[in-house]
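Enquirer: heads up, no residue letters with this:
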């Protein structure tokens, strides 16, 4: 997360516990797929915590590229596919199921395109304000992580297009689902995104992903609710 390595590690631990509980409470295979979301967020936050340490410890500098790309793959490629895909697997209404499948394919397209761009051009994580903070205003930004992409203008425009599709896949899909409480997944994602854009311009990727991790609680809430509607003879399918 953008605030500290300790916060990232703490969030990772909490999300890991939520993930274990989610999987233990899931009754069907689609529920188990959906229940992996907190665990994936846990790995993502652990990665950024290690990244922060690597930025400050020269002995770990060799790990910077691996940690940077791992975090960005999670943040920019995993979620636009995994969220609509798992929602699609949970959906039982045939019409909505076909529609969520479309968004899963959109997410897959975004994931492939983003990965291609990520591994075609150099990118690095920096803390631009951590070395010289002349006043209190800039000092408050010293612990923020910013990801610098060395990409041409044409590719930047492509990234903007991917961002729109990303938002559609991750935020719109939950509202399409007929599953009770699923819309709250979209609400959390949208709220965290707007919060990051308004208050943390320049650090959106890091901040959004941290606060979006809150949706892990919503995932558990949904799974607990779904348990009530699964007949015993269909458990595990």
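Expert: Perfect, thanks for sending it. From a predicted model like this one, the values you see are computed outputs, not experimental measurements.
Enquirer: Tell me which helix or strand comes right after the lowest-mean-pLDDT helix or strand in the chain.
Expert: Least confident helix or strand, the chain: helix 136-139 with a mean of 42, by mean pLDDT, DSSP states H and E. Sequence-wise, the next helix or strand downstream of helix 136-139 (DSSP states H and E) is strand 146-149.
Enquirer: other SSEs contacting that next one?
Expert: Under the contact criterion of 3 or more Cβ pairs under 8 Å, 6 or more residues apart in numbering; DSSP states H and E, strand 146-149 touches strand 123-126, helix 204-212. Every C-beta, even on glycine, is put in place using the N, C-alpha and C of the backbone.
Enquirer: If I average pLDDT within each of the ones you listed, which one is lowest?
Expert: Mean pLDDT is lowest for helix 204-212 among the helices and strands packed on strand 146-149, at a mean of 64.
Enquirer: Quick check: nearest residue in space to residue 112, chain neighbours excluded?
Expert: residue 77 (7.9 Å; Cβ to Cβ, 6 or more residues apart in numbering).
Enquirer: Next, that neighbour: phi, psi?
Expert: Main-chain torsions, residue 77, degrees, to the nearest 10: phi -120, psi -40.
Enquirer: Show me what counts as buried in the lengthiest helix in the chain.
Expert: Longest helix in the chain, counting residues (DSSP state H): helix 94-118. For helix 94-118, the neighbour count (16 or more other Cβ atoms under 10 Å) marks 96-97, 99-101, 103-104, 106-108, 110-111, 113-115, 117-118 as buried.
Enquirer: list the helices and strands it packs on?
Expert: Counting contacts by 3+ Cβ pairs under 8 Å, 6+ apart, helix 94-118 packs against helix 64-73, helix 79-90, helix 153-167, helix 173-176.
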